[in-house]
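Enquirer: Compute the structure for the input listed below.
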Amino acid sequence: SYALRDQNRLVYEADEDFCRRLPAAIGTELAEYLKAQAIPLPDHLGLFVDLWERAGRNTRERARVQLAPANLHWCSDESLAALRDYSAEYRVGLHMHLVETAYQKEYARRRTGTTALRHLHKLGLLGPPLTLGHGVWLTEDDIDLVAETGTMVCHNASSNLRLRSGVAPLNDLTARGVRVALGLDEAGINDDRDMFQEMRLVLRLHRVPGMADVVPTCAQVFQMATAGGAVTTGFADRIGAIEPGKAADLVLLPWRSVAHPYLDSGTSPVDAVVHRARAGAVDTVLVDGEVVLENGRVTRVDKAAVLEELAASLRVALRPDEERRRRLSREVFPHVRRFYDGWLDRVVHDPFYAPSSRR
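Expert: Numbering: from 1, shown residues only. This next block holds a predicted model:
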């Protein structure tokens, strides 16, 4: 899926309104830049149809296309309604980032008078085809509505920590029966897309103080990363589990890498993998039965050569247009910060978790 945006490309208001308040020279240059980035909604929808056709109308074994309204602040109600209709007509899923930050929670209140989740429900978007990325700032009533409608949530723990977004209420989501997947959102802690590390982080991040049995288990986290993730991709009928009829998608690592020097005989393999497995120990990877990593080496391309080519391409001097964007971003950023002054004063902070106490 590719993210659709048709408004508010820089801050949470119309581009022209923000640019108008900037110093004249900066505002004019930024307005020209943002205008050049704009893609009309019909063109967005046409691109989806073209990609869907090229993907064999989503019948291909490894490539299927979904729809992705980027986030509430980036999408007009017109575009959200259009994507809702296209999802139903073409029978494809939707993936949408939502209330990743407290600023987005406050934006929804200002725009709609209610929560972002309630607004999507009013527009008819909630349901099994929709996966919500993040959901950090969902309310208790929001979570109940997510559960009632069968909407899915993708939990991006390391991304949320890295970007100072917060911690999603995973324990409350799972307690209410919400289906949850694990993701990285291209912003993992170590820039290495290590899902083993992500599983460990999720397991430990939600271990709230106390003796109550409400924290995630290794099996739950593993399920979120495998079967849960499969549901969000549109391939739930083919991947996410090792069983007859499913694609042979397998990640193999030496048992010694998780069991040495000692592992109690009562420890389940899933517990051992979630607690101890590391990406560097992976020996073999199969995708639909094809070996794509063997003895720790990629089989289809020369990984070292590709990385060196990438490094060489990035060692060159910045182009004039890149220098211009870098300069413009530095000049605009102080005005962006001022735009959000006072926004968080209106956000109610009543955490789901209490990891510490100030008194």
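
Enquirer: Alpha carbons of the helix or strand harbouring His44, as PDB, please.
Expert: His44 belongs to helix 41-54 when assigned by DSSP states H and E. Provided in PDB are the C-alpha atoms of helix 41-54 (Å, rounded to 0.1, in the frame of the first residue of the first chain):
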ATOM      1  CA  LEU A  41      -7.400  12.500  -5.300                       C
ATOM      2  CA  PRO A  42      -8.500  11.000  -8.700                       C
ATOM      3  CA  ASP A  43      -4.900  10.500  -9.600                       C
ATOM      4  CA  HIS A  44      -4.300   8.600  -6.200                       C
ATOM      5  CA  LEU A  45      -7.300   6.400  -6.900                       C
ATOM      6  CA  GLY A  46      -6.200   5.800 -10.500                       C
ATOM      7  CA  LEU A  47      -2.800   4.800  -9.300                       C
ATOM      8  CA  PHE A  48      -4.300   2.200  -6.900                       C
ATOM      9  CA  VAL A  49      -6.400   0.700  -9.700                       C
ATOM     10  CA  ASP A  50      -3.400   0.500 -12.000                       C
ATOM     11  CA  LEU A  51      -1.300  -1.200  -9.300                       C
ATOM     12  CA  TRP A  52      -4.200  -3.600  -8.500                       C
ATOM     13  CA  GLU A  53      -4.400  -4.600 -12.100                       C
ATOM     14  CA  ARG A  54      -0.700  -5.100 -12.400                       C
END
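
Enquirer: Give the buried residues for that helix.
Expert: Neighbour-count burial for helix 41-54, counted by 16 or more other CB atoms under 10 Å, picks out His44, Leu45, Phe48, Leu51, Trp52. Placement of C-beta: from N, CA and C, glycine included.

Enquirer: Next: stretch 207-222.
Expert: Within stretch 207-222, the residues scored as buried using 16+ other CB under 10 Å are Val215, Pro216, Cys218, Gln220, Val221, Phe222.

Enquirer: mind putting the buried residues of helix 41-54 in JSON lines, pLDDT and distance to Thr226 included?
Expert: Formatted as JSON lines, those follow (pLDDT from 0 to 100; distance: CB to CB, whole Å):
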{"residue": "His44", "pLDDT": "95", "distance to Thr226": "32"}
{"residue": "Leu45", "pLDDT": "96", "distance to Thr226": "33"}
{"residue": "Phe48", "pLDDT": "96", "distance to Thr226": "28"}
{"residue": "Leu51", "pLDDT": "95", "distance to Thr226": "26"}
{"residue": "Trp52", "pLDDT": "95", "distance to Thr226": "26"}
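
Enquirer: is it possible to export these to a markdown table including distance to Gly229?
Expert: Shown next, in a markdown table, are the buried residues of helix 41-54 (distance: CB to CB, whole Å):
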| residue | distance to Gly229 |
| --- | --- |
| His44 | 26 |
| Leu45 | 27 |
| Phe48 | 22 |
| Leu51 | 21 |
| Trp52 | 22 |
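
Enquirer: what packs against the next helix or strand after the helix holding His44?
Expert: Moving toward the C-terminus from helix 41-54, the next helix or strand (DSSP H and E) is strand 68-69. Judged by 3 or more CB pairs under 8 Å, 6 or more residues apart in numbering; DSSP states H and E, strand 68-69 is in contact with strand 3-4, helix 77-90, strand 94-98.

Enquirer: Off-centre distance for strand 68-69?
Expert: Offset of strand 68-69 from its chain centre (CA atoms, centre = their mean, to the nearest Å): 11 Å.

Enquirer: now do stretch 103-110
Expert: 19 Å.

Enquirer: hmm, back to that, now tabulate the buried residues of stretch 207-222 in a markdown table and tack on secondary structure and pLDDT.
Expert: As requested, the buried residues of stretch 207-222 are exported to a markdown table (DSSP: H, G, I helix; E, B strand; the rest coil; pLDDT from 0 to 100):
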| residue | secondary structure | pLDDT |
| --- | --- | --- |
| Val215 | coil | 92 |
| Pro216 | coil | 95 |
| Cys218 | helix | 98 |
| Gln220 | helix | 98 |
| Val221 | helix | 98 |
| Phe222 | helix | 98 |
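
Enquirer: Go through the residues you listed and name the one nearest Ser265.
Expert: Among the buried residues of stretch 207-222, Cys218 lies closest to Ser265 (CB to CB), at 16.5 Å.

Enquirer: do you know how far the closest one is from Met152?
Expert: To Met152, Cys218 is 21 Å away according to CB to CB, to the nearest Å.

Enquirer: is it true that Ala248 touches Gly289?
Expert: Yes. Using CB atoms under 8 Å, Ala248 makes contact with Gly289 at a distance of 4.1 Å.

Enquirer: give the contact list for the nearest residue to Val282 once chain neighbours are set aside.
Expert: Using CB to CB, 6 or more residues apart in numbering and skipping the chain neighbours, the partner closest in space to Val282 is Leu253 (5.0 Å). For Leu253, the contacting residues are Ala277, Ala281, Val282, Asp283, by CB atoms under 8 Å, 6 or more residues apart in numbering.

Enquirer: Could you report the separation of Leu253 from Ala225?
Expert: Leu253 sits at a distance of 15 Å from Ala225 (criterion: CB to CB).

Enquirer: ditto for Trp52
Expert: Distance from Trp52 to Ala225, by CB to CB: 27 Å.

Enquirer: swap in Tyr340?
Expert: 34 Å.
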